[in-house]
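# How does the following fold in three dimensions:
(chains A, B, C, D, E and F)
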6 protein chains.
Amino acid sequence: MNSKDIPMVPNRKASLPTVYGDTPSFLGVPVLDYRKPAAGYDVMIAGVPWEGTVTWGSFTGCELAPRSIRHASARYGGFLPEYEIDLFDHLTLGDVGDIPVHPNDPAETMRNVHAAMQRIYRNQSIPFVLGGDHSFTPEIIRALADGDEGKIGIIHLDAHLDNAKSFGSDQFARCGPIHRISQIPQVRKESIVHLGIRGPRNSPTQYEYAQSMGARVITTREVRERGMSAVTEEAIRIAHHETRHVFVTICSDCIDAGYNPGGPADFNGLLPSELLPALHQIGASGISGLDYVEVYPGQDPQGYSSHLAAWAMIYALSGMAQRKRDRPGPDR
Amino acid sequence: MNSKDIPMVPNRKASLPTVYGDTPSFLGVPVLDYRKPAAGYDVMIAGVPWEGTVTWGSFTGCELAPRSIRHASARYGGFLPEYEIDLFDHLTLGDVGDIPVHPNDPAETMRNVHAAMQRIYRNQSIPFVLGGDHSFTPEIIRALADGDEGKIGIIHLDAHLDNAKSFGSDQFARCGPIHRISQIPQVRKESIVHLGIRGPRNSPTQYEYAQSMGARVITTREVRERGMSAVTEEAIRIAHHETRHVFVTICSDCIDAGYNPGGPADFNGLLPSELLPALHQIGASGISGLDYVEVYPGQDPQGYSSHLAAWAMIYALSGMAQRKRDRPGPDR
Amino acid sequence: MNSKDIPMVPNRKASLPTVYGDTPSFLGVPVLDYRKPAAGYDVMIAGVPWEGTVTWGSFTGCELAPRSIRHASARYGGFLPEYEIDLFDHLTLGDVGDIPVHPNDPAETMRNVHAAMQRIYRNQSIPFVLGGDHSFTPEIIRALADGDEGKIGIIHLDAHLDNAKSFGSDQFARCGPIHRISQIPQVRKESIVHLGIRGPRNSPTQYEYAQSMGARVITTREVRERGMSAVTEEAIRIAHHETRHVFVTICSDCIDAGYNPGGPADFNGLLPSELLPALHQIGASGISGLDYVEVYPGQDPQGYSSHLAAWAMIYALSGMAQRKRDRPGPDR
Amino acid sequence: MNSKDIPMVPNRKASLPTVYGDTPSFLGVPVLDYRKPAAGYDVMIAGVPWEGTVTWGSFTGCELAPRSIRHASARYGGFLPEYEIDLFDHLTLGDVGDIPVHPNDPAETMRNVHAAMQRIYRNQSIPFVLGGDHSFTPEIIRALADGDEGKIGIIHLDAHLDNAKSFGSDQFARCGPIHRISQIPQVRKESIVHLGIRGPRNSPTQYEYAQSMGARVITTREVRERGMSAVTEEAIRIAHHETRHVFVTICSDCIDAGYNPGGPADFNGLLPSELLPALHQIGASGISGLDYVEVYPGQDPQGYSSHLAAWAMIYALSGMAQRKRDRPGPDR
Amino acid sequence: MNSKDIPMVPNRKASLPTVYGDTPSFLGVPVLDYRKPAAGYDVMIAGVPWEGTVTWGSFTGCELAPRSIRHASARYGGFLPEYEIDLFDHLTLGDVGDIPVHPNDPAETMRNVHAAMQRIYRNQSIPFVLGGDHSFTPEIIRALADGDEGKIGIIHLDAHLDNAKSFGSDQFARCGPIHRISQIPQVRKESIVHLGIRGPRNSPTQYEYAQSMGARVITTREVRERGMSAVTEEAIRIAHHETRHVFVTICSDCIDAGYNPGGPADFNGLLPSELLPALHQIGASGISGLDYVEVYPGQDPQGYSSHLAAWAMIYALSGMAQRKRDRPGPDR
Amino acid sequence: MNSKDIPMVPNRKASLPTVYGDTPSFLGVPVLDYRKPAAGYDVMIAGVPWEGTVTWGSFTGCELAPRSIRHASARYGGFLPEYEIDLFDHLTLGDVGDIPVHPNDPAETMRNVHAAMQRIYRNQSIPFVLGGDHSFTPEIIRALADGDEGKIGIIHLDAHLDNAKSFGSDQFARCGPIHRISQIPQVRKESIVHLGIRGPRNSPTQYEYAQSMGARVITTREVRERGMSAVTEEAIRIAHHETRHVFVTICSDCIDAGYNPGGPADFNGLLPSELLPALHQIGASGISGLDYVEVYPGQDPQGYSSHLAAWAMIYALSGMAQRKRDRPGPDR
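Numbers count the residues shown, from 1 in each chain, chains lettered A, B, ... in the order given. Predicted coordinates:
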């Protein structure tokens, strides 16, 4: 088989390495040991099959998403005709499988994510993480910040601000990661960009909090008025401003509900025609990690949202590959 | 609980008042007695769980929509970050529950709707009505016209003209409300605007009828050419021209089929990114009522179309709230 | 019944002629004998209920699409308000039912399609064909080329280039029709236009092959930058350049996944608001046939993709009708 | 058409009278005016599209069942080969459509059911009623008792005792009809038979209440030990003991969950092979009415539970027909 | 791999021969050419992906069943612990794939089935045929009768008598095969046994016709009274009485609806615990062919009915294997 | 609230303690810390949300079952009218939540289960465990055997023998637990009973292995011939013979496929009317633990299989309660 025939290869999925059961690794890349990831990988894929607090009863089951997204990814290769680039020509990827989670113990789960992410960063790789819900993103940022005084900017793609200080008694609620992230000293609050915000699921309290910390809130109303490319350019500029790292955290509900059967019902969101080029653009600007959370496979029989998550990661990786092609040398 | 935390509140749905069974009131507003609605409400929500004639066998079951939309609405609050306004800061809402319908007797059902709407209008409120099919809209307009010589304009958002004079032997068919509305003396025919018209489900006869009565037909082809904001501006201008009232009637199939799993399959329709701002715009222009019809929960397991209906109403209400904020005083 | 009331007619579907079982003919047009199609028809509808090679396990069952699309079409008439034209005022259509297929024998199936298409072309009609998978399109082009030295251009609407020389041992794979078409002497390779190409399901090998044969590849990235109308205009110009015939082959995955529940998951594709006017435009430029393939009814409980296929054909036919109205006389 | 070919008749459903929309009457019998039902009918079908209190969130939507059961019934005729009898040879049936319900007002809904049932009984007919939930059965019994001093026995087929005195603040809860029935003076408490009782959804309180009022509780454990025919014989004997009338009330969860996708999940219930002959047996013993409640079409895409409800009614009617054939003359 | 580990073998399905696309042969047996089937096979599997007349709109799509049943069969081997026998120790099987069908031409489809079955019988094999609908069974019997004066008995497992002389204008309706079979001279009418008959989908006309031709009708009421084993013994005795061949035709609706999500809704039918041992018993009595028809995969997302069809065939084959083990030598 | 009203209590589920997210504890019993379970509990519920090897692609996702079964259990109380006993009058239960699993590391997952079960047994409780797949049962038995020389018998309810020595390279495959169990010295091989065995998914190799180790294999053929009660009595006798402990391991496919939409398709299995009384009988004989595995919520939208799992556990617990009532004092 010629590698340039990928992905149009008979029985491809059955021929890929598995991370567990019959679940192939993301895009069929080599499987690594999450406890001792090998060196030499630009990007490491990891899953966090975790769901903590449920904020709305109908939207649940996102711990199945790492499996579902990996299955979907087996349909794809690394070449994008829109950019005439094959990401595998420039990037080396590995898949460390899933981080162990403790269903009864959010705090220990968070520690596990943190420890695994530390191993990845110490290995000079960057993580691309498949959630799970939105609760664990702060642990990745904390790992990125460990032993690195460089400031960090955040590009947060979401319908909601997700900066609740708590939800009931839960300190690790899926609606609160941006609050916890903003408490990490290296995070520059003015370099937090919320992109895709809209709709009546947002509370006044959260909106005021975002304003008060100096974060930039870009609603889809603004996206429609100025164009996605322009607001993405601004988001990149703000996130990189006076920072060394930029982390990208994508909640599936940044996407318009019409394209996201396995996500919450949030309308007038980013279209794939907006999101995918934006992620390429963001990847090409230089990033230190990405996660994609809140996909609910149980409500999406054809797995469209999992396929879209795989696409999103490929477009971001493709942007990173283009950056590496165009400016060879170490990135981080 | 701080009301500004709404809707991000644990177990919110379970804490809301119910209109019947376990169905919460729309957005959790107070429940009123539909026979004796109290004074002091700007807007009263009412449901009409009615389905009469079925024009296409697969699209049926819209009598469940009032329940389904109310359940969906429990996920939301009144704040929209796009407009930085909380509608509950400016409007008082109540929910009168559902109007009684007589499954075997369309004429009596129509009388019930008419009587209930009279009570709302006499109460100096305006109705926001959840269908049900499109047959009963004329009864709302008739109630609005009762004892008020002011002319009425209509903004009709739909894929179809819905002006059939009859459908078989049915005088109250869902495909005919605009014909019946046009027979009401106070309705100014030249102030009827059909917006969102498209596709091969329209008949030449209906098209000619719309032309002959002087109604304005705006197809989505024109929407694409001129932009939604511009055509909405024109629709508002025409509907308000020489009229005292404007009523908004929304058939779910004005929306593009890709966003409307619980609606008929009508493509190239209005996108939520077009519909929602347009409804805000229309609400801000001053309206005397609105209905939203033809949602089929049975074909929409995740209730996306019901969530979209709730959003649509919130955006229109938000426009009304903005108008009230910006020009205090009585509206109607 | 006044024919100008169509399609808003009670019990319409039950009153239409059937091609088999309870399946009505497409749009209710007369049923013809596929072995001896009568003269005097501008366009003949034919189905090819065939699925050969399965390239991705989840996407299968497209042999049910001719039935499903015909059932959907019964909801529609020939009038489009956007263009103020009724295609039946200008075109005569017939439906020859389905071409016999041999499940075990791709080669014989291909011969059957070829023979049936020859009968249609010799009859001075042009075919509109409902797939089935994408494997049989070359047989239609071969029939068009039989005994006609005129060059042929191809407008290929798809997410993928579909020019694989083989797939495993299968010479008639659904991912290879453009390769087989390019081998037909009358096909002008430089008049092949791929429109809608995108995403990580494309292989570098296929992309290079398209480039090497001189085909024009228009990605959706280019569509977004230049607008659908402009790229369609260019596609029409290239396809008609130095050719006598233009054939249009539409794979359902040219459409954005958000609008195509019964198709593969390919995002950032053509929107119905782009595809439908483009097909009208292409139909109005003069075409010698069209097929629509790769709809999977089994994964699409409401039949949205089948309804969209019916719309697509109606918009193309409407363009043809407009051409005939505006320039009467023989077309081919 | 020969009536003895029914139901194997092409397009039968389309040829039947409708009660509303495109919903045929039950088994295609004549449609009567529910306000003035004509004389001369042995049995009148009526629907009560009502759902009040929801006791378990997942099981809801039973107001759609009258429509769904009628649609299912169009597939059937009156002949049963097991008994070699055609019920239409002996019984005259009519369908009065649906009783009006007031979604916001349980008490008024109950009054409506009561009034309609009075009209049926005064007309010397007996009602077969399609629910709806289990709340309204007492209204039928009250109508039967009006002006008739004869005692009444009850055969209650259910998994649960449904004798709760209240549920929260609801006096008309679906879990309480047997309590309300037992308060009607003409009902002989010792002639109440609960048949099909089982499982951990029953409360000790309800069980003790049934014991204390002297009702006979037959669990499915006893059904398995003694056989369905024997316990049915006993149920008939007890219900007719010192009574003039026997009413049969069937909650769909008497049926084993494996056969009742549109019902609650209650296992080890009555099998159709037990229920259907038992209903024939009960019908043949002489009854004064029957209802069938708690079918949830929304969770049953193929409508199996609605088909089963139609079968159940046909087997009971067939027993009644056999009784009339074998002992001609007035029954009640 | 040890063949005695089958079917518990990793990736078994992917390793089996395919009849087309990615569809494995039934149980993974060798694929034969249906035009020239090789000698030396006891049983040949064939599919007939055909659906003609639709008698009830909801039950359609059975042309997908041959594919669906073959996919299901890949899960199984030939060993049954209940009988401690592996059918592959005694029988040689092949799969000839699907017979070509002509969607528009029932008569030609019937001729194709007839010709293919002639080739199988002339080859000294017997056919096991996967429908499709019930229309083509007479063609198998006609092929069995060709050039063989021996009388033929029929064991017909069904809810319905399927002896309609026509259905509308269709001479090959799925509800009429027994009529057409009874017209074949070698078929002994008194050796036709209908087993599993029940319910209100039967017409008086058909019942009288069965009686008048002397067929034996065994309702499930009789099955319950006498036991399945006893009635099966009687059915075997009648079918073999004064005949040389017995053919078994199984309509999926012989099975109770609770076990047959991909079949029509016919209750109180044969349970798998009755059907499977009965088929073993019948197979062990010596049979000359079998078909299994009317499975609708489209309404059965988990394919239970297709799995059950595969089981049914395995139990019948297992009975045949036991007969061959116990009485070696030629069977037919 | 009177505890004897349970479970018929408004909003019961919302009032129960949660083990994580919005998942209530099993039957609402107290939540315990799985690392330090308190003393004084007769039975501790634990979940193992684990899926390892996938043996048949369609049947996957059983790691969601602990959540799904707990949600279902909230519908139930401890009273069974068939036995007139409330299990909570005699047994004290706790729920320790889920055991942590390591998706990438079967061996560590097994160690976790083992350690957790040791804690439960050392605490003088017995575990009732919700799988997950069938791979971890040996770890429970090993924990039971730790420091206890008493022999152990096994009652294994399943369609399959599940004694594969390996599956490909996996030593912990779901098809192999009985092999691993049989290697534990305290397990008495002749006291292993396989009950419910049937069908073509069994291999000859596994059958011979069961015979060779002296296990008792009871097929459903034997169940039908002798009756469930008799074979259960025999199974209890064999399992208790010369043993101190009996463990019960239930694979959901012991149940007939007609009752198990969330399980594999294995027909002619145990009916709930057989399984539930048998579990009561087994529970009343004295057991030292139980697990219930292989429920796939993803293929079971109404959660019937999860409800059935909850019932199964309640019937077994009810048997234990009856034993304790009838013979007070310590059990193990």
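
# Residues of the stretch 1-150 of chain A that sit close to chain C?
Counting by CB under 8 Å from any CB of the partner chain, the residues of the stretch 1-150 of chain A close to chain C are A:2, A:4-8, A:10, A:13, A:72, A:75-84, A:86. Heads up, the C-betas are built off the backbone N, CA and C, glycines and all.

# Can you narrow those down to the ones near chain F?
Okay, of these, nothing touches chain F (CB under 8 Å from any CB).

# Kindly write the ChimeraX command that selects the buried subset of these.
Typed into ChimeraX, the line below selects the buried ones among the residues of the stretch 1-150 of chain A next to chain C, using 16 or more other CB atoms under 10 Å in any protein chain shown:
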select /A:4,5,6,7,8,10,13,72,75,76,77,78,79,80,81,82,83,86
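
# If you count neighbours, what's buried in the longest helix seen in chain A?
As assigned by DSSP state H, the longest helix anywhere in chain A is helix A:304-326. Residues of helix A:304-326 classed as buried under the neighbour-count rule (16+ other CB under 10 Å) are A:304-324.

# Could you confirm whether that helix reaches chain B?
No: figure legend: helix A:304-326 not in contact with chain B (CB under 8 Å from any CB); closest approach 11.4 Å.

# what's that helix packed up against?
When contacts are defined as 3 or more CB pairs under 8 Å, 6 or more residues apart in numbering or on different chains; DSSP states H and E, helix A:304-326 sits against helix A:65-73, strand A:79-80, strand A:85-86, strand A:126-131, helix A:272-284, strand A:290-293.

# would you list these in CSV and tack on mean pLDDT?
Formatted as CSV, the helices and strands packed on helix A:304-326 follow (pLDDT from 0 to 100):
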stretch, mean pLDDT
helix A:65-73, 97
strand A:79-80, 98
strand A:85-86, 98
strand A:126-131, 97
helix A:272-284, 98
strand A:290-293, 98
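
# Chain E is nearest to which of those?
For the helices and strands packed on helix A:304-326, proximity to chain E was assessed by CB to the nearest CB; helix A:65-73 is nearest, at 15.5 Å.

# contacts for the closest one?
A:13, A:19, A:21, A:23-28, A:47-49, A:95, A:98, A:130-132, A:292-293, A:295-297, A:303, A:306-307, A:309-310, A:313, C:265 (CB atoms under 8 Å, 6 or more residues apart in numbering or on different chains).

# Now do the contacts for residue A:255.
Residue A:255 touches A:263, A:269-272, A:275, A:308, counting by CB under 8 Å, 6+ apart.

# Tell me which residue is most central in chain A.
residue A:291 (1.9 Å; CA atoms, centre = their mean).

# do you know how far the residue nearest to that residue when sequence neighbours are not counted is from residue A:282?
Distances taken as CB to CB, 6 or more residues apart in numbering or on different chains place residue A:129 nearest to residue A:291, at 3.9 Å, with adjacent residues excluded. Distance from residue A:129 to residue A:282, counting by CB to CB, to the nearest Å: 16 Å.

# do the same with residue A:97
26 Å.

# so where's chain A uncertain?
Applying pLDDT under 70 to chain A flags residues A:1, A:329-332.

# buried residues in the lengthiest strand in chain A?
The longest strand of chain A (DSSP state E) is strand A:187-197. Buried positions in strand A:187-197, judged by neighbour count with 16+ other CB under 10 Å: A:187-189, A:191-197.

# Could you tell me which ones among those also sit near chain F?
Within the buried residues of strand A:187-197, nothing lies near chain F by CB under 8 Å from any CB.

# about what we covered before: show me the beta-bridge partners of the residue nearest to residue A:291.
For residue A:129, the beta-bridge partners are residue A:46, residue A:291 (DSSP bridges).

# how much space is there between it and residue A:161?
Taken as CB to CB, the span from residue A:129 to residue A:161 is 21 Å.

# before we move on, back to that, compare the helices and strands packed on helix A:304-326 and report which one is nearest to residue F:217.
helix A:65-73 (34.8 Å; CB to CB).

# quick one, the closest one and strand A:126-131 angle?
110 degrees (axes from the mean of the first three to the mean of the last three CA atoms, to 10 degrees).

# Now do helix A:65-73 and helix A:304-326, the angle between them.
Using the same axes, to 10 degrees: helix A:65-73 against helix A:304-326 is 70 degrees.

# Can you give me the buried ones in helix A:65-73?
So, applying 16+ other CB under 10 Å, buried residues of helix A:65-73: A:65-73.

# Make JSON lines out of these and add distance to residue A:177.
Formatted as JSON lines, these follow (distance: CB to CB, whole Å):
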{"residue": "A:65", "distance to residue A:177": "16"}
{"residue": "A:66", "distance to residue A:177": "18"}
{"residue": "A:67", "distance to residue A:177": "22"}
{"residue": "A:68", "distance to residue A:177": "22"}
{"residue": "A:69", "distance to residue A:177": "19"}
{"residue": "A:70", "distance to residue A:177": "23"}
{"residue": "A:71", "distance to residue A:177": "26"}
{"residue": "A:72", "distance to residue A:177": "24"}
{"residue": "A:73", "distance to residue A:177": "24"}
